[in-house]
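Enquirer: Compute the structure for the input listed below.
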Amino acid sequence: MPAISWLLQPIMMTAAFIAAWFVAEDSANFGVVQMAVAVLLLTSIVALATFWRSIASWIAALTR
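Expert: Okay, here's the model as predicted:
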């Protein structure tokens, strides 16, 4: 369980920071917005990890 905590804590902290831009922290739905942002961040990280080679080759083709 500690390994999951090490992986998710930075994501949740970032999600809380981003969610605070849109919703007050003492709002009743702050946790919902924070979780939605966290899911979007986690999805983005997985997508970048999955398509890293395609993205890198696309950027390399652009710089030529």
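Enquirer: Tell me which residues are up against stretch 14-24.
Expert: Stretch 14-24 is contacted by residues Glu25, Asn29, Phe30, Val33, Gln34, Met35, Ala36, Val37, Ala38, Leu41 when judged by CB atoms under 8 Å, 6 or more residues apart in numbering. (Each C-beta comes from the backbone N, C-alpha and C, glycine too.)
Enquirer: Next, count neighbours for Ala15.
Expert: Neighbour count of Ala15, defined by other CB atoms under 10 Å: 21.
Enquirer: Next SSE downstream of the helix or strand harbouring it?
Expert: Here Ala15, judged by DSSP states H and E, is contained in helix 2-22. For helix 2-22, the succeeding helix or strand toward the C-terminus, using DSSP H and E, is helix 30-50.
Enquirer: residues touching the residue most central in space within the chain, list them.
Expert: Closest residue to the average C-alpha location of the chain: Leu41 at 1.7 Å, with CA atoms, centre = their mean. For Leu41, the contact set (CB under 8 Å, 6+ apart) comprises Ile11, Thr14, Ala15, Ile18.
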